[in-house]
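>>> Please find the sequence and the predicted model below.
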Amino acid sequence: MADAEVEVNGGVVVYELIGPSDGEVVVITPGGRFGKDYGGVHELADGLAAGGKRVLLWDRPNCGRSDIQLFGRSESHMRAETLGLLLDELGIDRVVAAGGSGGARDMIVFTMLYPEKVRKLATWSIVGGTYSTMSLAGVYILNELRVIRSQGVEGIIKLGGASGFGWAGLCEANPRNADRLRAIGDEEFERVMTRWLDAFIPKPNEAIPGVPDFEFAQIAVPTLIIRGGEKDYDHPKRTSLEVHALIKGSRLVEPPWPEDAWEQAVRATTEGRGSLFDPWAQAVPTLLEFIDE
C-alpha cells in the first residue's frame with residue numbers, strides 16, 4: 001500500500017504496509033533518526049514480504065516525514081509508546097518486532113512495555129559500550145543542547161548534521177515540524193533533551209543505553225540476536241553477548257554479513273556509494289527461519 005498517516009499522541013505518524021494482507025505482521029524499525037525510506041530498509045522489507053510476511057514500516061517520531069515529538073523517559077521509550085498506540089489504531093494485535101542499531105533498542109524497549117503485543121523479537125547491530133554510547137550522545141543530544149542554549153528553537157529548525165539526524169531535514173520533509181518545534185519552545189526542548197541525555201551516560205548496570213539490566217527480565221518472548229561484528233565499534237560484539245545473557249532463552253546467531261560490514265557501509269556511504277543499512281537484506285533468510293519456527 002502507499003504511505004498512510006495516523007495521529008498518535010497528538011502527532012502524525014507516517015507508515016506503510018508491504019506484503020500479503022493475510023501474512024503475519026513484522027514491524028521493521030531502523031536506526032538513527034533515519035526514516036523508513038532510507039536505503040536498505042525497503043530491501044529488507046521486500047525480502048520478508050516475498051517470504052509471506054506483512055511488513056509494517058513506520059517513520060518514528062523525529063524520523064522521516066512523521067511529526068516531531070518530545071516526551072518520555074528517553075527517545076526510545078517515546079518511540080515504543082508511539083508504536084504501541086499505532087498498532088492499536090491499525091487494529092493489529094501482535095507482531096514480530098524486528099530492529100537494527102537504534103531500532104534494536106527501540107524494539108527491545110517496546111517488548112518490555114508491550115509484551116502482550118509481541119510474539120517474537122529479533123535484533124541486530126545493538127548499540128552499547130563506552131565508545132558507542134558516548135558517540136550517540138554527540139549524535140542525538142549535545143549539538144541540540146548547544147544550539148538551543150545559544151540560538152533557541154529557530155537555531156534547532158536550521159540545525160543540519162549527518163544525514164538522517166538533522167532537524168532541518170525533518171522540517172523540510174514535513175513543513176508542520178517547524179511550527180511544532182516553535183510550539184514546544186526553548187525551555188521544554190532543553191528540558192527534554194537534558195532528560196534524554198541521561199540514557200547516553202555509560203552506566204555499569206546498562207548493557208544498552210537507557211535500559212537498566214534488570215528490566216530485561218521482562219522479556220519472555222522468543223528472541224533472536226544477530227551477533228555484532230568483530231570490527232563494529234558502533235555495535236560491538238560484546239554488547240550482543242551481554243544482551244543474549246540478559247534475555248533468558250534468547251538465541252545468538254552469527255551475522256549473515258561480513259564482520260566489518262558496518263565499517264564497509266560507513267565508508268561507502270561517506271563516498272556516496274550506498275546506505276548504512278544496505279547489508280541488512282542479507283538477514284532475510286535468517287529472520288524468516290526464526291519467524292516461521
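Now that the structure is in, tell me what you want to look at. Quick caveat, the model's predicted, so the values are computed rather than measured.

>>> show me the contacts for the closest residue in space to residue 167 that isn't next to it in sequence.
Spatially, and ignoring its direct neighbours in sequence, residue 167 is nearest to residue 159 (4.7 Å; C-beta to C-beta, 6 or more residues apart in numbering). No exception for glycine: its C-beta is placed from N, CA and C like everyone else's. Residue 159 makes contact with 143, 144, 147, 166, 167, 168 under the criterion C-beta atoms under 8 Å, 6 or more residues apart in numbering.

>>> repeat that for 10 Å
By C-beta atoms under 10 Å, 6 or more residues apart in numbering, the residues touching residue 159 are 143-144, 146-148, 151, 165-171.

>>> Kindly report the same for residue 151.
Per C-beta under 10 Å, 6+ apart, neighbours of residue 151: 157, 158, 159, 186.

>>> Make CSV from these and add secondary structure to it.
Formatted as CSV, the contacts of residue 151 follow (DSSP: H, G, I helix; E, B strand; the rest coil):
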residue, secondary structure
157, helix
158, coil
159, coil
186, helix
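
>>> Could you give me the PyMOL selection string for whichever of the contacts of residue 159 are buried?
Per 16 or more other C-beta atoms under 10 Å, the buried members of those correspond to this PyMOL selection:
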select buried, resi 143+144+147+148+165+166+167+169+170+171
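
>>> Among the contacts of residue 159, which ones are in helices?
143, 144, 146, 147, 148, 151, 167, 168, 169, 170, 171 (DSSP state H).

>>> Now the most centrally placed residue in the chain. Its backbone dihedrals?
The chain has residue 103 as the residue nearest its centroid, 2.2 Å off, counting by C-alpha atoms, centre = their mean. Here is the backbone geometry of residue 103 (degrees, to the nearest 10): phi -70, psi -30.

>>> so what's the closest residue to it other than its chain neighbours up against?
In space, and not counting its chain neighbours, residue 103 is closest to residue 29: 3.4 Å by C-beta to C-beta, 6+ apart. Neighbour list for residue 29: 36, 41, 56-58, 60, 63, 76, 79-80, 83, 97-107, 110, 123 [criterion: C-beta under 10 Å, 6+ apart].

>>> switch the cut-off to 7 Å
60, 99, 103, 106, 107 (C-beta atoms under 7 Å, 6 or more residues apart in numbering).

>>> Tell me how many other residues surround the residue lying closest to residue 170 once chain neighbours are set aside.
Spatial nearest neighbour of residue 170, chain neighbours left out: residue 177 (5.1 Å); criterion: C-beta to C-beta, 6+ apart. Residue 177 has 22 neighbours, counted by other C-beta atoms under 10 Å.

>>> would you say residue 177 is within a strand?
No - Residue 177 is assigned helix when assessed by three-state DSSP, not a strand.

>>> can you tell me how far it sits from residue 153?
Residue 177 is 11 Å from residue 153, where distance means C-beta to C-beta, to the nearest Å.

>>> intersection of neighbour lists for the two?
By C-beta under 7 Å, 6+ apart, no residue touches both residue 177 and residue 153.

>>> who's the residue nearest to residue 103 bridged to?
residue 99 (DSSP bridges).

>>> how close does it sit to residue 184?
Residue 29 is 24 Å from residue 184, by C-beta to C-beta.

>>> just to revisit the earlier point, quickly name whichever of the contacts of residue 29 is closest to residue 209.
residue 106 (11.3 Å; C-beta to C-beta).

>>> low-confidence ranges in the chain?
Across the chain, the ranges flagged by pLDDT under 70 are 161-165.

>>> Provide a complete list of residue ranges assigned to helices in it.
Using DSSP H, helices in the chain cover 41-50, 75-90, 102-113, 130-137, 143-157, 167-173, 176-197, 237-246, 261-270, 284-292.

>>> Tell me which of these sits most buried.
Ranked by average neighbour count under the criterion mean count of other C-beta atoms under 10 Å, the helices of the chain are headed by helix 102-113 at a mean of 26.

>>> now for that one, which elements pack on it?
With contacts defined as 3 or more C-beta pairs under 7 Å, 6 or more residues apart in numbering; DSSP states H and E, the packing partners of helix 102-113 are strand 25-29, helix 75-90, strand 95-100, strand 118-124.

>>> and residue 293, which of these is closest to it?
Once the helices and strands packed on helix 102-113 are compared by C-beta to C-beta, strand 118-124 is nearest, at 8.6 Å.

>>> Work out the gap between that closest one and the centre of the chain.
Put simply, strand 118-124 sits 13 Å off its chain's centre (C-alpha atoms, centre = their mean, to the nearest Å).
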